[in-house]
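>>> Would you be able to build a 3D model of this:
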Amino acid sequence: MGYIPQHALDNLKKYSYKGVDKSLVSRYVLNPFWTWLVTLWPTWVAPNTITLTGLSLVLANFATLIYYDPKFLTEKEGAEGPPNWIYFTWAAGLFMYQSLDAIDGKQARRTGMAGPLGEMFDHGCDALNTTLEVILCARALNLGRSWWTVASQVATLANFYLTTWEEYHTGQLFLGVFSGPVEGILAIVIVYIITGFTGPQFWDQDFLALSRLDRYPIVLDYIPRLGLNDAFMVLGGVVLLFNIVTSYINVYKARVANGQGPFLPLLLLLPFPISVAIEVFWLSAPSFKDSHILHSTLFLPFLCAWGLQFAHQVSRMILAHVTKQPFPYWDAMWLWSIVGAIDANLPTLINRPPLIQNTMPRTALFVYVTLAVTFFSYARFCTLVINDITEYLGIACFTVRKKDKSGDWVAASEVNGKKQ
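Purely as a prediction, here's the structure:
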């Protein structure tokens, strides 16, 4: 074994997936479609292959953004941006990602390949998709290089962290009436479709004027004038607050039912705001209004590096959940960002110029090296964990095979005792 301790590997055999989905859209609209969709996939296709196919569609969407708008500028800044039809492809790609992400579990049960590896792989792809969709949606909403995009990144990652934190403490994945994987994704799909018809400039319109609420003086007294894109971000903040309360209520009930203290889990929420504070501190150099990274072409690679660090963080949380290990409150990948944040803010901290990021070319080099380090670190984590779990449980990752009693890899149907 290379990464997971032996005693933790033994806990993998005790794992069983538990989930609750209270979404009416999922139950009455999407689930019948998903039940039909999974039948189109032959049983020799592995569940994780379906998951990876979905992520590949999102990566293809991201590639079109890089091709048409590598500087991540908006129309109001003089950029032409992607042609409108591209947004329809983003909508289709994200919807198919959601669908394939939903049926991988059904395929796992069809093929007898269900297990903790599938949950690890599924959550890892979801964590990567989170940052990619923040970037794509920010472009569709005409936000571009702005603190609103950063706020969107924080809120979206916070929702994902909350769900993972909740699953660790309750032992089950809880999706409420409005959840990110269902309604949240559908909302973004709708944003892409509207942008495809109208262009990103549509979202710059004044919300109160468009809704004609500005005719009422009492509304103007209490609600500031915001663009549709800004109002969308505010709505996301409200949803985040609702999810925070809901998640903690579920954790509180689970801890009390098990005779455990209900307040200790709150301390394990701290790693997320700490990691966010590090990234925002780095971004705010040399000042909040004049960020060298945010207002440059380095903003996209910075967000991608941040997203990879987050994916590593929550993947370790899921690993701790399925192997019954202590909660990972510290992530070594933060060290790189801490160095970057302190170095960039040396003028503010000790009135000395940065040692590393003292010119834009050197800042660019450091940001791209950060992206490379985080990518290879996360890739190494995924490779080691997949190898450990597949070898220990005798279940393949990308093929429908299992180890038989003699240790040879054979078709899963032979081990399951039935023909697929």
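>>> Does anything pack onto the helix or strand hosting V134? Which helices or strands?
Per DSSP states H and E, V134 falls inside helix 116-140. Judged by 3 or more CB pairs under 8 Å, 6 or more residues apart in numbering; DSSP states H and E, the packing partners of helix 116-140 are helix 47-68, helix 84-111, helix 147-170, helix 185-198, helix 299-323, helix 360-393. To be clear about C-beta, it is placed using only N, CA and C from the backbone, and glycine gets the same treatment.
>>> Ok, which of those helices comes nearest L132?
For L132, the closest of the helices and strands packed on helix 116-140 is helix 47-68, at 5.1 Å, according to CB to CB.
>>> now for the closest one, which elements pack on it?
With contacts taken as 3+ CB pairs under 8 Å, 6+ apart, helix 47-68 sits against helix 84-111, helix 116-140.
>>> for the first one, what is the average pLDDT?
Translated: helix 84-111. Model confidence over helix 84-111, given as mean pLDDT, is 95.
>>> can you give me how far that helix is from the chain middle?
Centroid separation for helix 84-111 versus its chain: 15 Å, with CA atoms, centre = their mean, to the nearest Å.
>>> Pull out the buried residues from it.
Buried residues in helix 84-111, counted by 16 or more other CB atoms under 10 Å: 86-87, 89-91, 93-95, 97-108, 110-111.
>>> I389 is nearest to which of the helices and strands packed on helix 47-68?
helix 116-140 (4.7 Å).
>>> got the helices and strands packed on helix 116-140 as JSON lines, with distance to M333 columns?
Shown next, in JSON lines, are the helices and strands packed on helix 116-140 (distance: least, CB to CB, whole Å):
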{"stretch": "helix 47-68", "distance to M333": "21"}
{"stretch": "helix 84-111", "distance to M333": "25"}
{"stretch": "helix 147-170", "distance to M333": "14"}
{"stretch": "helix 185-198", "distance to M333": "27"}
{"stretch": "helix 299-323", "distance to M333": "5"}
{"stretch": "helix 360-393", "distance to M333": "6"}
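>>> Can you classify F174 as helix, strand or coil?
Classification of F174 using DSSP: H, G, I helix; E, B strand; the rest coil returns strand.
>>> Read off the pLDDT value for it.
Reading off the model, F174 has pLDDT 82.
>>> ok, it touching Y248?
No: counting by CB atoms under 8 Å, F174 stays clear of Y248, with 11.6 Å between them.
>>> what's Q325 sitting at in phi/psi?
When read as degrees, to the nearest 10, the backbone of Q325 gives phi -100, psi 170.
>>> how near is the residue sitting furthest away from the middle of the chain to Y67?
Largest separation from the mean C-alpha position in the chain: P217, at 40.4 Å (CA atoms, centre = their mean). As judged by CB to CB, to the nearest Å, P217 and Y67 stand 48 Å apart.
>>> Ok, G180 next?
Distance from G180 to Y67, by CB to CB: 27 Å.
>>> Not counting its neighbours along the chain, what's nearest V234?
Spatial nearest neighbour of V234, excluding adjacent residues (CB to CB, 6 or more residues apart in numbering): L226 at 6.9 Å.
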